[in-house]
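**Student:** pasting a predicted model and its sequence here:
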Amino acid sequence: MRSLSRRIRASGASIALVPTMGFFHEGHLSLMRLGRNLADHVVVSIFVNPTQFAAGEDFEAYPRNPERDSELARSENVDTLFMPQAKELYPPGFESYVRLDNLSTRLCGRSRPTHFTGVATIVTKLFNIVRPRVAIFGQKDYQQWLIIRRMARDLDMDIEIVGAPTVREPDGLAMSSRNCYLTKKQRIKALSLFQALKGARHSVAAGTKDVDRILHEAVRAIGNPSDVSIDYMVLCDPDTLEEVTAIDRPVLMALAVKVGKTRLIDNMLLTPPAN
Ligand code: AMP
């Protein structure tokens, strides 16, 4: 990958990188299409990164289908599919990590305290191997996108970080490789994440400024069915992820909900009406 990248860049061509954990869905494909428009050569990486999973999470169970992924990447005219091995990326004695002080402790960082260090580290490694001009991330994982942008800025990485909008199923469920874990009944319950966000967007657009009221309505939209528990639900500043006390400017609503054993996340920007 390193020598291929060197050859591509020596020829004057630019590289777009789309980092993924594979098991492609339309969300991944939308990132690849964006990459096609942003650079000459599109590299998609598939790596289920062990350092971003904590003990007891779904690293082993994470869905994998490299053959199907290769076909889908080919049909999207991806130039290079990079599928490194964990033992190559984390050789014995590996001990260097990239850690963000604050952003990585908020939202998902509360219940997954080591997660974003794993993410920032693997993305840095992929950047150093692939040397892209631009890298594309989905806003479905809003906190991840923000963290990568902050990291690239703080560490002077000469790479443009582009965010792509969340791709949803026709009924609104955000696409995720983990949706395949859901039973039919859980799949129906999972729709409440989107319904809660949509309700909040509507209330804020109608002029509601009260954070507690928005959260209360959203908790009600999730309801209390068996199998469903809210990990977090917050209204926060889209740049710092600090919780807000009033909605007087666009705020990010983000939530994580466990449906059965599957932890689902989603988010939406809520914009108050212009005065
Ligand atoms: P993953 O394979 O889940 O790690 O995701 C790889 C990339 O695809 C990340 O940048 C994700 O944010 C992005 N992604 C995942 N799901 C979606 C979606 N539904 N819409 C847009 N991007 C997504």
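**Tutor:** The structure has been received and is ready for your questions.

**Student:** so residue 34: helix, strand or coil?
**Tutor:** Following DSSP: H, G, I helix; E, B strand; the rest coil, the label given to residue 34 is helix.

**Student:** can you count the residues close to it?
**Tutor:** Residue 34: 20 surrounding residues under other Cβ atoms under 10 Å. Heads up, the C-betas are built off the backbone N, CA and C, glycines and all.

**Student:** which of the helices or strands spans residue 253?
**Tutor:** Assigned by DSSP states H and E, residue 253 belongs to strand 251-259.

**Student:** and the closest residue to the ligand within the stretch 101-250 of the chain, how far is that from residue 156?
**Tutor:** The nearest approach of the stretch 101-250 of the chain to the ligand comes at residue 138, 2.3 Å away (Cβ to the nearest ligand atom). According to Cβ to Cβ, to the nearest Å, residue 138 stands 24 Å off from residue 156.

**Student:** tell me if the host helix or strand of residue 118 is near the ligand.
**Tutor:** Taking DSSP H and E as the criterion, residue 118 maps to helix 115-130. No: using Cβ under 6 Å from any ligand atom, helix 115-130 stays clear of the ligand, coming no nearer than 8.8 Å.

**Student:** ok, the helix or strand following that helix: who's next to it in the sheet?
**Tutor:** With elements assigned by DSSP H and E, the helix or strand that comes after helix 115-130 is strand 134-138. The pairing partners recorded for strand 134-138 under DSSP bridges are strand 15-20 (parallel), strand 160-164 (parallel).

**Student:** Throw those into TSV and include mean neighbour count, thanks.
**Tutor:** Shown next, in TSV, are the strands paired with strand 134-138 (neighbours: other Cβ atoms under 10 Å):
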stretch	mean neighbour count
strand 15-20	26
strand 160-164	18
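
**Student:** want to throw those into CSV with distance to residue 45 and mean pLDDT?
**Tutor:** CSV is the format used below for the strands paired with strand 134-138 (distance: least, Cβ to Cβ, whole Å; pLDDT from 0 to 100):
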stretch, distance to residue 45, mean pLDDT
strand 15-20, 5, 99
strand 160-164, 15, 98
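
**Student:** the ones you listed: which one's closest to residue 118?
**Tutor:** Nearest of those to residue 118, taken as Cβ to Cβ: strand 15-20 at 12.5 Å.

**Student:** now do the closest one against helix 115-130, angle only.
**Tutor:** Angle of strand 15-20 versus helix 115-130, following axes from the mean of the first three to the mean of the last three Cα atoms, to 10 degrees, is 150 degrees.

**Student:** so is strand 15-20 next to the ligand?
**Tutor:** Yes: if you take Cβ under 6 Å from any ligand atom as the test, strand 15-20 does meet the ligand, through residue 20.

**Student:** ditto for stretch 61-78
**Tutor:** No: counting by Cβ under 6 Å from any ligand atom, the ligand has no neighbours in stretch 61-78; the shortest distance is 9.3 Å.

**Student:** what residues of that stretch count as buried?
**Tutor:** Within stretch 61-78, the residues scored as buried using 16 or more other Cβ atoms under 10 Å are 62, 69, 70, 72, 73, 76, 78.

**Student:** one more: stretch 238-252?
**Tutor:** Of the residues in stretch 238-252, those buried (16+ other Cβ under 10 Å) are 238, 241, 244, 247, 251, 252.
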